[in-house]
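In: what's the 3D shape of this:
(chains A and B)
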Amino acid sequence: MSNQHSHNDDHGHHDAHGHHEETFISKYVFSMDHKMIAKQFLITGIIMGTLGMAMSLIFRLQLAFPDMKFPFLETILGHWGKDGKLDPNFYLALITIHGTIMVFYVLTAGLSGTFSNLLIPLQVGARDMASPFLNMLSYWFFFMSSCVLCVSLFVEGGPASAGWTVYPPLSALPKAIPGSGTGMTLWLVAIILFIASALLGGVNYITTVLNMRTKGMKMTRLPLTIWAFLITAVLGLLSFPVLLGAGLLLIFDRSFGTSFYLADIPADLAGGIERVGGSPILYQHLFWFLGHPEVYIILLPALGITSEVIATQSRKPIFGYRAMIGSILAIAVLSFIVWGHHMFITGMNPFLGSVFVLGTLIIAVPSAVKTFNYIATLWKGNLHLTPALLFAIGLVSFFISGGLTGLFLGNAALDINLHDTYFVVAHFHLVMGSAAIFGMMSGIYHWFPKMFGKMMNNTLGYAHFWLTFISAYCVFFPMHFMGLAGVPRRYYANTAYDQFNVFVDMNIFITIAAIVGGIAQLFFIYNFFNSIIRGKKTVQNPWKSNTLEWTAPVEKIHGNWPGEIPHVYRWAYDYSKPGADDDFIPQNIPDEGQTDPLDEPNATVFEHSHSHSPEASQKEVVMFSGLKKLFGFAKS
Amino acid sequence: MKIFIRLIQSTFIIAALLLSSINSQAQTADEGAQLFNANCTSCHAINEKVVGPALKGAHKKYDEAWLLKWVKNSQALVKSGDAQAVKVYNDNNQSVMTSFTNFTDVQVKSLIAYIKAESEKPATATTASVAGSTTSSTMDATSSNEGLESKINWLIIIISVLLIMIIVLVFDILAKVGDIQGKPVIDWYGINGFLLLGFLVLGMGAATWEFIVHTPLTVNAQTPASEHGVIYDSMFNITLLLTGIVFIITEGLLFWYGFKYRSNAKRKALYYPDNHKLELIWTIIPAIVLTVLVVRGLKTWSSITDRAQAENAQKIEVYGYQFAWNARYAGTDNILGPHDFRKIGVVNALGVDPNNETAKDDIVTNELHFKVGQPVVLKFRAKDVIHSAYLPHFRVQMNVVPGLPTQFTFTPTVTTAQMRVLLGKPNFDYILLCNKICGSAHYRMKMKVVVDTQDEYNKWLGTQPKLASISTPSVSDTKTLAVK
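Out: Numbering: from 1, shown residues only, chains lettered A, B, ... in the order given. A predicted model of the protein is given here:
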């Protein structure tokens, strides 16, 4: 880890946590500094991500070469890879843990945990999180959760193997599949610890954004990253407790003989107790009540990062700032009423299905608005095609490709023949998996200088982007066609089906592309750790960005700014503003004659900008006065 | 002389006996193969462990009398305390093997003969044949090539990685040179701008190629085998058309702008923070497109799920369990007998009440037959975990949930024979496959589906045994049972 942390002796700020002696442990291990916690989340996320990726390569080998033997499998997996053949049960375990790791540990904690922690205090102008202690707990719960999940790989019967959604009765009956023994118990324990971590983090993020903004940082001047993190935290806070409930009931069914999710299960299958009266579908409702908002918990931070990176590197204001906030809010609200589109063919009432179709397809409208706004931001920009911007463009590309296939799957009628096929695999790996990973990568390349005080190697960054981008499309695009041919997901091999044998070559191609993608990540990992140690030192504001984090010194200090916290005089996107000397005006720079940060900046120089003309700001006062009353104003 | 003749005679007799025995052995192994493929493959293979152990060499490991008892009712054997049975049971995770009480001794012996014959074959050949693949021999031939190919592939991967590393190194050195000279040597933004454009062109080309080459492999390219399949396909095509247009426009603009507005010394970005008219336009247009999709989609959905169709449809029960399917037909009284999960046992696998009058004429099969043009309502029931009955050619799928009856109503319109002609594949069969993760042999859990003409259907159903006569089904041996 970095040893950039230094000298907080003479900067003279007076907050409570700046002045105690720091030992190695309080600085690097049980740190309460949001910047260190962000790094802890990131590095844990990278380690978990590497594990998840390695697992996917193992099962991709099986899918491409079902008849071949790979002796190294026996070396690394022991009896699960006897004679070089992957055990079918362990195949299911691998896909389950791959999904769990990627969805929760990498794209929820690794992405949101890292960037919410790093950016919220720095971008709203706060010395730290509202509760640094809860923040520390949030990381350590996440750490414990990761450990429990990793331990579950080594128990008898193997880790949980019922798919990452762990539907009962498969996950409730240890007799149904070996992974539903101790492995499943540990999975549930890991998820409960994870939920604790997510909730502790979420409470903190919301409180910090609402209460600790610096003077002048109105809600309407927040960078879109912060809006995204705020709404993400709200989503998490409202939906994770439901998963906690679902998990607890599953634990009861597994361990205490209850029948919340079990119906008509003979005694010999269910530990000697006949189970009647429950409903397996109840679990699915509870799970997806989290599960669908979870998709946006993953995606919104990535979109927030993209907004920031695209605006900064295009040297242009983000197009339609208000529309962007509006679409984030719309997506967030809608995400709570569409969970049923994962369950169209569970036998639900067709009318209920129709309601979910309507909600699901409506989400496409705010999503389309976001996409068009990104493209409009690039239009007539001055694109600094850094690795960060390339990854952001990659995200938009995946968001389009994967989002459009959502219009097939969100349509209940079409879902009949596409449900649980490779079409679904292709869809969510593009729109949620690849897109969010690209958002995360974009964020890492963009804020690496802020995190570690060093620059990453650009050449390796470009190689990383192009290899990953091309291989991701090569892996997931062909899968659509397999799905349309009816190839089900989670099949260990397709050898028993004549009509699927035509995809032998395609499967080999996909696996090779996946291996290339895996190798590309080695470039990143090397670049990341090498740059921490030997990277070029960065200047304070390497991207000439407007947001507040770049006004803080490169040397990381507890409390972020020496002296007073900067006041904010404008929104975050005054790039290439006509009349200005530079192509950026940081948020803490007042316009001529602007003395009170709460005043609007002198914006007459650009008449097309409605939101900054006097009448518009008048309108804004009316429109947002309610919000202002609700949220209160920032203390400085 | 007499002795000589007798010697010749006896030699002949012995030879004839031997020959006939070999012959009959081959015959029994053949019969065994049929039985094996119909009843055993969802849990067993010869050379690999599936749910149950690999069966290679089982004929040597256990004596025949024991195997007879085991196959017919393994649980009884385990409960009797037979040491070997208990060991096998424990070694296999205490999973209960389906009992085949209806098998005759001859049939089990033919199974053993099949296992013996298969065990003696070289390994690769058997794996393929167990998979039921008609292309088994070609698979073998290609598999050795595949080994070589994969080595070449690995070599290509390693070489390209090295190549990339060298390129990175060169660029790095150039960048350092630029640092020393004080002005950058490489125009990174320019290079990446062109790469974005190249990706757009090549990517769209590759996507078009995929559409042309791979669409014929999908079920959408085939005539739908059911009535609602037609409206399903038209809904699909409309969605594909609309999303395709949006895909080309948006991806095109994204990469084109990425190329066109790449930074250079002269360029200055336009300060253009919003335009309400534009935003209104691209909120309303997607909204209109989606209204079309929603209205069309809901119409399609409600016509597919319309419950009125079920009224004069033929009721067939589809029963799923780890890892196989059964179908139950109502018999002459047209009523499916009642069932109760408490009655599910080793012999009564479906838990149908055997004493109920309406159940006695029910017919349980492990193939699913439909009459062409006759609406059917499939009534789904599961024993243990959630399965999903997926019939891709009919555009039919429904989850099969323990304790929660589900159903799907549709009308098959193309017979198996017609479909074979349409596809030009004489061996084609419709399938019903499991599409909800359900355990280790999930990927083998399937059932053959046949669409018959009325005559074929009647003939087939006539050969199926009634529930009163047996307790567990077996199709491959319908003749013997029918004679009984």
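In: For residue B:193, pull up the helix or strand it's in.
Out: Using DSSP states H and E, residue B:193 falls within helix B:188-214.
In: is any part of that helix close to chain A?
Out: Yes - with CB under 8 Å from any CB of the partner chain as the criterion, chain A is reached by helix B:188-214 at B:188-189, B:192-193, B:195-196, B:199, B:203, B:206-207, B:210, B:214. The C-beta positions use only the backbone N, C-alpha and C, and glycine is treated the same way.
In: Columns pLDDT on top of these, output as TSV?
Out: Output for the residues of helix B:188-214 next to chain A, formatted as TSV (pLDDT from 0 to 100):
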residue	pLDDT
B:188	89
B:189	92
B:192	94
B:193	95
B:195	96
B:196	96
B:199	96
B:203	95
B:206	95
B:207	95
B:210	93
B:214	93
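In: Using CSV, lay out those together with neighbour count.
Out: Output for those, formatted as CSV (neighbours: other CB atoms under 10 Å in any protein chain shown):
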residue, neighbour count
B:188, 20
B:189, 21
B:192, 24
B:193, 22
B:195, 19
B:196, 25
B:199, 22
B:203, 18
B:206, 16
B:207, 17
B:210, 15
B:214, 19
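In: For chain B, what's its nearest residue on the stretch 251-400 of chain A.
Out: At 2.3 Å from chain B, residue A:263 is the closest residue in the stretch 251-400 of chain A, using CB to the nearest CB.
In: The nearest residue to residue A:66 once chain neighbours are set aside: what secondary structure?
Out: Nearest-residue entry for residue A:66: residue A:493, 3.9 Å, with adjacent residues in sequence omitted and distances by CB to CB, 6 or more residues apart in numbering or on different chains. Here residue A:493 is recorded as coil under DSSP: H, G, I helix; E, B strand; the rest coil.
In: and residue A:493, what does it touch?
Out: Shown here is residue A:493, whose contacts under the criterion CB atoms under 8 Å, 6 or more residues apart in numbering or on different chains are A:62-63, A:66, B:443.
In: One more pass at 10 Å, please.
Out: Under the criterion of CB atoms under 10 Å, 6 or more residues apart in numbering or on different chains, the neighbours of residue A:493 are A:62-63, A:65-67, A:86, A:88, A:91, A:500, A:507, B:48, B:131, B:443-444.
In: from the residues you listed, which has minimum pLDDT?
Out: Minimum pLDDT across the contacts of residue A:493 is recorded for residue B:131, with 38.
In: Now for residue B:284, how many residues are close by?
Out: Residues near residue B:284, counting by other CB atoms under 10 Å in any protein chain shown, number 11.
In: That one contacts residue A:372, doesn't it?
Out: No - assessed by CB atoms under 10 Å, residue B:284 is found out of contact with residue A:372, at 11.8 Å.
In: one step back: relative to residue A:305, which of the contacts of residue A:493 is nearest.
Out: residue A:63 (32.2 Å; CB to CB).
In: Wasn't that closest one part of a strand?
Out: No - residue state for residue A:63 (three-state DSSP) corresponds to helix; a strand is not indicated.
In: Could you find the closest non-adjacent residue to it?
Out: residue A:507 (5.3 Å).
In: just residue A:260 next, same as before
Out: Leaving aside its sequence neighbours, residue A:260 sits nearest to residue A:249 (CB to CB, 6+ apart; 4.3 Å).
In: Verify the stated contact: that neighbour with residue A:283.
Out: Yes - applying CB under 10 Å, one finds residue A:249 in contact with residue A:283, separated by 7.5 Å.
In: Quick one: the helices in the stretch 151-300 of chain B, in order.
Out: B:188-214, B:227-260, B:276-304 (DSSP state H, counting those that start in this stretch).
In: Spit out the contact partners of residue A:397.
Out: Shown in contact with residue A:397 (CB under 10 Å, 6+ apart): A:371, A:430, A:434-435, A:438, A:469, A:472-473, B:196, B:199-200, B:203, B:250-251, B:254-255, B:258.
In: how close does it get to residue B:192?
Out: Between residue A:397 and residue B:192 the computed distance is 14 Å (CB to CB, to the nearest Å).
In: tell me the SS of the residue of the stretch 251-400 of chain A closest to chain B?
Out: Put simply, residue A:263 is coil when judged by three-state DSSP.
In: Now it. Nearest residue, chain neighbours left out?
Out: Spatially, and ignoring its direct neighbours in sequence, residue A:263 is nearest to residue B:403 (2.3 Å; CB to CB, 6+ apart).
In: Please apply the same query to residue A:573.
Out: Closest residue to residue A:573 in three dimensions, ignoring its sequence neighbours and counting by CB to CB, 6+ apart: residue A:317, at 3.7 Å.
In: mind checking the SS state of that neighbour?
Out: Three-state secondary structure (criterion: three-state DSSP) places residue A:317 in coil.
In: What segments of chain B are strands?
Out: Using DSSP state E, the strands of chain B run over B:314-321, B:324-329, B:363-365, B:367-371, B:376-382, B:387-391, B:396-400, B:406-410, B:430-434, B:446-452.
In: now chain B, which segments are flagged as low pLDDT?
Out: Applying pLDDT under 70 to chain B flags residues B:1-27, B:93-95, B:102, B:122-150, B:469-484.
In: which helices and strands does the helix holding residue B:193 pack with?
Out: helix A:387-409, helix A:458-476, helix A:479-484, helix A:504-534, helix B:136-181, helix B:227-260 (3 or more CB pairs under 10 Å, 6 or more residues apart in numbering or on different chains; DSSP states H and E).
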